[in-house]
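> Quick one: sequence and predicted model below, then my questions.
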Amino acid sequence: MKALYLIARIAGETVALPAADVASVVEVDQIAFVPRVSPHIAGLFALRSRVLTVVDTCASLQLDYAAAEGRNTAVIVEADGHSYALLVEEIEDVIEAEAPEPCPALLNPNWRRVAIGTIRRDDQAILLVSPAGLVAGPDALAA
């Protein structure tokens, strides 16, 4: 059965997020710093009279990625009844694809924690990631 997926770039990698989990895509203009939060929380952002927690996806994956600086594109998702803004490098596309296939056996442990499976775009395999896994951050236990 086919479903829609949002294709984005995180830490230089092309990934997919289930479109059903995506509320919108926005440009984040100003992030308010919050002290004493987990390192993967970039701060807070106001969107349409709501305050959202901003998640640094590279920090959530414990990836040191130089191009992460200056990102201002965010994917708005809901996890555990709360809305979050996931910082990504860019949005590439929305595609329709078949149900996910299993993940490759040789997957970096940081990515494995958030991986749901892989989807196909033409002849390219794209890692399907869990928005809730990105929100939970590096301290979350692998499922």
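Yep, that arrived.
> all strands of this protein, in order?
Using DSSP state E, the strands found in the chain span residues 3-10, 13-18, 22-27, 41-47, 50-56, 73-79, 82-88, 90-97, 115-121, 124-129.
> Export those as a markdown table, with columns for mean pLDDT and mean neighbour count.
In this view, the C-beta of every residue, glycine as well, is placed from N, C-alpha and C. Supplementary listing: those in a markdown table, determined by pLDDT from 0 to 100; neighbours: other Cβ atoms under 10 Å:
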| stretch | mean pLDDT | mean neighbour count |
| --- | --- | --- |
| strand 3-10 | 97 | 20 |
| strand 13-18 | 97 | 21 |
| strand 22-27 | 96 | 14 |
| strand 41-47 | 95 | 19 |
| strand 50-56 | 95 | 18 |
| strand 73-79 | 95 | 20 |
| strand 82-88 | 96 | 21 |
| strand 90-97 | 96 | 14 |
| strand 115-121 | 95 | 18 |
| strand 124-129 | 95 | 19 |
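> Export those strands as CSV, with columns for distance to residue 105.
What follows is those, written out as CSV (distance: least, Cβ to Cβ, whole Å):
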stretch, distance to residue 105
strand 3-10, 21
strand 13-18, 18
strand 22-27, 28
strand 41-47, 31
strand 50-56, 28
strand 73-79, 27
strand 82-88, 26
strand 90-97, 21
strand 115-121, 12
strand 124-129, 13
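> mind checking which of the ones you listed is nearest residue 140?
When the strands of the chain are compared for distance to residue 140 using Cβ to Cβ, the nearest one is strand 73-79, at 11.1 Å.
> Quick check: end-to-end length of stretch 12-26?
Stretch 12-26 has its terminal residues 19 Å apart, counting by Cα to Cα, to the nearest Å.
> what mean pLDDT does the longest helix belonging to the chain have?
When the chain is scanned for its longest helix (criterion: DSSP state H), the result is helix 131-136. The average of the pLDDT scores along helix 131-136 is 96.
> Which strands or helices does that helix pack on?
Helices and strands touching helix 131-136, by 3 or more Cβ pairs under 8 Å, 6 or more residues apart in numbering; DSSP states H and E, are strand 50-56, helix 57-60, strand 73-79, strand 82-88.
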